[in-house]
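Colleague: Kindly return the folded structure for what I paste below:
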Amino acid sequence: MNFIQKIQWSPSETLFKIGSFGIHYYSLMFVIAFSVGYYIMKNIYKKENIKIEFIDPLLVYLVVSTLIGARLGEVFFYNWSYYSNHLLEIFLPIRERAGSSLLFGIIENYEFIGFRGLSSHGASIGIIFGLYLYQKKFKFKPLLWVLDKLSIPVSLGAGFVRIGNFFNSEIVGNYTGNNFGVIFMNRGETLPRHPAQIYEAIGYFSLFFLLRFLYKKKLGDKKGYIFGMFLFGMFIVRFLIEFVKESQGGFESELKFLSTGQWLSIPLIITGLFFIFRSILLVKKESR
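Modeller: Take a look at the predicted model:
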């Protein structure tokens, strides 16, 4: 019996477009991620008897810190050689048209492309820093409590973002070398690649269900345990998927053997293990 082993993939990047402005699937996935995350955190706050008035500022801190951290991560970890000559594009959803010149205006020489080119490592660092500022202002719970709870929706949101990457036909996998995989036709390709974005999304969705299970089993009471599991699980998935992912550039040419994404994942994996074992030791100490 024959099974379909390869998929020809050539989607539009936009849900709809009016002139040069359009709703991009990648941006839409971000909106879905933040919306679902807001709903999950609101339910957690209600369950934990936290005032709902603290939830709206959390969303603001989360959105701003995620976008800034993810963007700066992309700029400095992966593409500084490009952005050093296109500073305007770092925080604006635009791209310079080929052959254009800044001398003859800005609007005419740039096109709206939505926000893309974001680093998950930078996003993680940005979120942690943003939540630190959030907790400093709203001191209703310790920082680790906020990190533990927010890890649950963030893992889900990361999966949605990777689906957005799949729609954009970016962050693709290596060629499979056989009849299995996805042919990204809008990249002008004819050979199948590993759908690395889908692999990664499945890993993050699985992590979401694991963290949600741990929270329901009251393991969230171990300060830092769920946060540690989040960091460990998130970046173990990233580390492993990098083996079948096309190089994203960065500094891997200077540091051999592993990709830039893998080198950046290692300290976050170690940090996750630290919080896991720290929380376990604290519980044992308190139970004596």
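
Colleague: How about the contacts made by the residue lying closest to Tyr225 once chain neighbours are set aside?
Modeller: Closest residue to Tyr225 apart from its sequence neighbours, by Cβ to Cβ, 6 or more residues apart in numbering: Ser279 at 3.9 Å. Placement of C-beta: from N, CA and C, glycine included. Neighbour list for Ser279: Lys222, Lys223, Gly224, Tyr225, Gly228 [criterion: Cβ atoms under 8 Å, 6 or more residues apart in numbering].

Colleague: Correct me if wrong: the fourth one contacts Phe275.
Modeller: Think Tyr225. Yes: between Tyr225 and Phe275 a contact is recorded at 7.1 Å, counting by Cβ atoms under 8 Å.

Colleague: For Val237, give me the pLDDT.
Modeller: For Val237, the pLDDT comes out at 96.

Colleague: Validate this expectation: it resides in a strand.
Modeller: No: counting by DSSP: H, G, I helix; E, B strand; the rest coil, Val237 is not found in a strand; it is helix.

Colleague: where's the nearest residue to Trp9 once chain neighbours are set aside, which helix or strand?
Modeller: In space, and not counting its chain neighbours, Trp9 is closest to Val182: 5.0 Å by Cβ to Cβ, 6+ apart. Element membership for Val182, per DSSP states H and E: strand 181-184.

Colleague: what's the helix or strand for the residue nearest to Tyr225?
Modeller: Using DSSP H and E, Ser279 falls in helix 260-287.

Colleague: quick one: buried residues of that helix?
Modeller: 260-265, 268-269, 271-272, 275-276, 278-279 (16 or more other Cβ atoms under 10 Å).

Colleague: where are the low-confidence patches of the chain?
Modeller: Within the chain, the stretches with pLDDT under 70 are 1-4, 11-23, 80, 86-118, 220-221, 250-255, 287-288.

Colleague: what are the ranges of the helices in it?
Modeller: Secondary structure of the chain by DSSP state H: the helices cover 25-47, 55-73, 80-83, 120-137, 143-167, 196-216, 225-241, 260-287.

Colleague: could I get stretch 227-243 in CSV with only the CA atoms?
Modeller: Below are the C-alpha coordinates for stretch 227-243, written out as CSV (Å, rounded to 0.1, in the frame of the first residue of the first chain):
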residue,chain,number,x,y,z
PHE,A,227,10.0,27.0,35.5
GLY,A,228,13.0,24.7,35.5
MET,A,229,11.1,22.0,33.6
PHE,A,230,10.0,24.7,31.1
LEU,A,231,13.6,25.8,30.4
PHE,A,232,14.9,22.3,30.3
GLY,A,233,12.1,20.9,28.1
MET,A,234,12.0,23.9,25.8
PHE,A,235,15.6,24.0,25.0
ILE,A,236,16.2,20.3,24.9
VAL,A,237,13.6,20.3,22.1
ARG,A,238,15.4,23.2,20.4
PHE,A,239,18.8,21.5,20.8
LEU,A,240,17.6,18.2,19.3
ILE,A,241,15.7,19.8,16.4
GLU,A,242,18.8,21.7,15.4
PHE,A,243,20.3,18.5,14.1
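
Colleague: Name the residues of it that are buried.
Modeller: Result for stretch 227-243 [16+ other Cβ under 10 Å]: buried residues 227-239, 241-242.

Colleague: out of these, which one sits closest to Asn79?
Modeller: Glu242 (17.2 Å; Cβ to Cβ).
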